[in-house]
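> Sequence and predicted structure below; questions after.
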Amino acid sequence: MIEAAFAHHGLNWRYINCEVPPEHLGDAVKGASAMGWRGFNLSIPHKVTVIPHLDGLGESAAIMGAVNCAVNRDGKLIGENTDGKGFLKSLLEVVNPAGTSVVMFGAGGAARAICVELALAGAKAVTIVNRSRARGAPLAELLNTKTKAKASFVPWPENYAIPEGTDIIVNATSIGLGNSDQPLGISIGTITPRHVVADVIVDPPDTRFLRDARLRGATVIDGLGMLINQGVIGVKYWTGIDASPDVMRRKLVEIFGG
Ligand code: NDP
């Protein structure tokens with residue numbers, strides 16, 4: 001996806017995948033600096049442990065305590081988190097979250113990143129619905145202590161009913177990953193045309209949850225938008241260019257369908 005954008009914009013740049021064992025992460029970061037890389041993305045298991053190896057953090061990455069994108073700014077490697085920013089960018093094409101009430105399913109890395117960006121963008125209230133309290137309750141606590149949003153945690157009941165007054169509903173669990181028929185465990189009848197419904201799943205992008213929500217008249221956003229916009233934001237950070245999201249989407253659709 002990133003190289004498709006480089007090629008489209010005539011940049012003779014490369015985006016390469018490197019598998020870095022955890023014990024060599026510090027050396028790899030030093031190596032990236034030494035080789036003059038403009039930056040890099042990071043995935044599990046490096047998103048938290050990379051932080052001591054960087055020179056600084058962007059605002060949301062500092063709140064989340066997780067970095068998935070490093071950017072060389074004037075010789076300093078700064079950690080950003082584009083997971084939530086990519087989501088926010090695709091959401092903003094449909095609705096501004098300022099002043100809204102959000103129901104978030106999930107409390108893992110993706111949910112945390114999205115919740116923090118929604119809170120920084122002015123979301124008024126966030127209800128975190130998660131299977132385990134161990135991840136759900138601390139995420140609500142993080143939002144309440146580090147952002148202005150009012151957050152609460154709800155242990156996931158069998159068929160969760162979307163509360164009155166909800167504007168935005170997000171699935172940030174891994175439900176639907178690799179299974180386009182897996183149901184989300186919500187009372188679908190409580191979704192209405194007033195809702196904006198988003199899913200983070202990219203493989204396959206047309207999840208059961210989104211199909212059900214579409215049938216109920218909601219406006220839906222698939223996970224490809226979040227992934228594409230992470231690419232757009234990363235390319236902007238590294239090259240200064242506004243990359244074409246269409247070129248990236250075409251490449252992703254080639255890979256995942258959609
Ligand atoms: P994590 O492992 O950190 O979190 C997984 C979350 O899913 C937890 O809240 C977990 O609940 C919940 N969960 C998993 N299985 C079930 C189940 N059967 N029933 C109820 N809850 C369940 O994963 P990430 O947050 O990193 O990723 C989540 C998804 O987001 C993945 O599918 C990933 O591919 C996708 N993603 C998409 C991106 C995009 O750009 N579109 C970017 C990043 C991620 P519990 O706490 O109870 O275990």
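Perfect, thanks for sending it.

> Every contact and neighbour count from this point should use C-alpha atoms.
OK.

> give the contact list for R249.
R249 is in contact with 1, 224-225, 228, counting by C-alpha atoms under 8 Å, 6 or more residues apart in numbering.

> Then V197?
Contacts for V197 (C-alpha under 8 Å, 6+ apart) come out as 168-170, 210, 213, 218-221.

> Restricted to helices, list these.
Within those, residues falling in helices by DSSP state H are 210, 213.

> Dump the contacts of V197 to CSV, plus pLDDT and distance to L139.
Shown next, in CSV, are those (pLDDT from 0 to 100; distance: C-alpha to C-alpha, whole Å):
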residue, pLDDT, distance to L139
I168, 98, 18
I169, 98, 17
V170, 98, 15
L210, 98, 24
A213, 98, 26
A218, 98, 27
T219, 98, 26
V220, 98, 25
I221, 97, 23
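
> Closest one of the contacts of V197 to S101?
Of all the contacts of V197, S101 sits closest to I168, with 6.5 Å by C-alpha to C-alpha.

> and the closest one, what does it touch?
Counting by C-alpha under 8 Å, 6+ apart, I168 touches 97, 100-103, 195-198.

> Quick one, which of the residues you listed are buried?
Neighbour counting by 16 or more other C-alpha atoms under 10 Å classes 97, 100-103, 195-198 among these as buried.

> buried sites along the longest helix along the chain?
In the chain, taking DSSP H as the definition, the longest helix is helix 223-239. Of the residues in helix 223-239, 223-235, 237-238 count as buried by neighbour count, 16+ other C-alpha under 10 Å.

> Run through who's touching it.
Contacts for helix 223-239 (C-alpha under 8 Å, 6+ apart): 1-2, 38-39, 69, 71-72, 82-90, 198-202, 205, 241-245, 248-249, 252.

> Return the subset of these lying in strands.
Judged by DSSP state E, those include 39, 69, 71-72, 198-199 as members of strands.

> re the thing from before, if we only consider the buried ones among the contacts of I168, which is nearest to the ligand?
Checking those against the ligand with C-alpha to the nearest ligand atom, the nearest one is A198 at 10.1 Å.
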